[in-house]
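Visitor: my questions are about this predicted structure, shown below with the sequence.
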Amino acid sequence: MTGKIRLVIADVDGTLVTNEKVLTARIEAVTRLKNAGIAFSITSGRPPLGMKMLIDPLGLTEPIAAFNGGVFVHPDLSVMTQSFIPGDMAAKVIDAIERHRLDCWVYTDRDWLVRDTNAPHAAREQWTVKFPPTVVPEFSSHLDRVAKIVGISDDYTAVARGEADVQRDCGNHVSAARSQPYYLDVTHPDANKGHVVEVLSQALCIPSAQIATIGDMPNDVLMFKKSGLSIAMGNASPEVQRQARCVTSSNEEEGFAKAMEAFVLGELREIAEKAS
């Protein structure tokens, strides 16, 4: 890491919010970052509208990366940039997901499309993102503006196999990674959290060495590799924790706030003490 941290990029679910999707001391932690002159942004597999409820409580002013970087929006939700999965690749992804008997959701730039609102995790997702899905009989007529496809199952092994098949069948034409053990997120190849670091670094004129990232899932590892300081949550798997420079406590134990204090604001204090 070169110099002090000037930007923190945080994952949302499993990192910034509790398991019940609540912001607690994290609001105060973000305020402290801003008071120290550190910019703050969030990235998630959620659609832009699914992060709207975080913008005002956190006082967000920087671009936000939805769909793991598939769509960047300003805090007023106006689009900064977006990347869609090509239609032929979207069809291949859906085929691979269905081969493994995973339920399938399709997100366009405007809608969340499902075939069954009673499918696993659909009700929970609606509660999380605060807007309902649109039920469609098939997806083939909706593949021209696809921002993300999700495969869902409580059979974690099947989700992992689906991930491997999508990666094999589609190669570098998509980015496929599990955002939860039961969610396989598939986006445009530029829509990954490593790309999020690159885009925000350029947009805010902050070198990646002065960016801190914090997350809990395998899809967060790509942003760990691109940033100067990487922090894994205590609820992350051992494999994810090994990929980070630092590890904090879990999202149920104020891990985000503790990490900001110990590893980011603490770094500033250390630099100030050395300078004096």
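Guide: Looks like it came in fine. Numbering: from 1, shown residues only.
Visitor: stretch 90-100: how far from the chain's middle?
Guide: Remark: stretch 90-100 is offset 22 Å from the chain centroid, using C-alpha atoms, centre = their mean, to the nearest Å.
Visitor: ok, stretch 31-39 next?
Guide: When distances are taken as C-alpha atoms, centre = their mean, stretch 31-39 is centred 21 Å away from the chain's centroid.
Visitor: pLDDT on it, on average?
Guide: Average pLDDT, stretch 31-39: 96.
Visitor: buried set for it?
Guide: Residues 33, 38-39 are the ones in stretch 31-39 that count as buried (16 or more other C-beta atoms under 10 Å). Just so you know, the C-beta spots here come from the backbone N, C-alpha and C atoms, and that holds for glycine as well.
Visitor: same question, stretch 17-26
Guide: Residues 17-18, 21, 23, 26 are the ones in stretch 17-26 that count as buried (16+ other C-beta under 10 Å).
Visitor: contact partners for the residue nearest to Q210 when sequence neighbours are not counted?
Guide: Nearest residue to Q210 in three dimensions, chain neighbours excluded: R6, at 4.4 Å (C-beta to C-beta, 6 or more residues apart in numbering). By C-beta atoms under 8 Å, 6 or more residues apart in numbering, the residues touching R6 are 37-39, 206, 210-211.
Visitor: same check, this time on A212
Guide: Neighbouring residues of A212 by C-beta under 8 Å, 6+ apart: 5, 7-9, 227-231, 263-264.
Visitor: from those, which is closest to V129?
Guide: For the contacts of A212, the closest approach to V129 (C-beta to C-beta) belongs to I9, at 20.2 Å.
Visitor: what stretches of the stretch 101-250 of the chain score poorly on pLDDT?
Guide: By pLDDT under 70, the stretch 101-250 of the chain has no low-scoring segment.
Visitor: in terms of helices and strands, where is the residue nearest to K193 when sequence neighbours are not counted?
Guide: If the residues on either side of it in the chain are set aside, K193 comes closest to M223, at 3.8 Å by C-beta to C-beta, 6+ apart. In the assignment (DSSP states H and E), M223 maps to helix 221-226.
Visitor: could you say what helices and strands that helix packs with?
Guide: With contacts defined as 3 or more C-beta pairs under 8 Å, 6 or more residues apart in numbering; DSSP states H and E, helix 221-226 has these neighbours: helix 193-204, strand 211-215, strand 229-232.
Visitor: centroid residue for the chain?
Guide: The C-alpha lying nearest the average C-alpha coordinate of the chain belongs to S44 (C-alpha atoms, centre = their mean; 2.4 Å).
Visitor: and that residue, how close does it get to V73?
Guide: According to C-beta to C-beta, to the nearest Å, S44 and V73 sit 12 Å apart.
Visitor: ditto for A244
Guide: 27 Å.
Visitor: that older thread, now render the buried residues of stretch 17-26 as CSV, adding pLDDT and secondary structure.
Guide: Listed next are the buried residues of stretch 17-26 as CSV, based on pLDDT from 0 to 100; DSSP: H, G, I helix; E, B strand; the rest coil:
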residue, pLDDT, secondary structure
V17, 95, strand
T18, 93, coil
K21, 91, coil
L23, 89, coil
R26, 81, helix
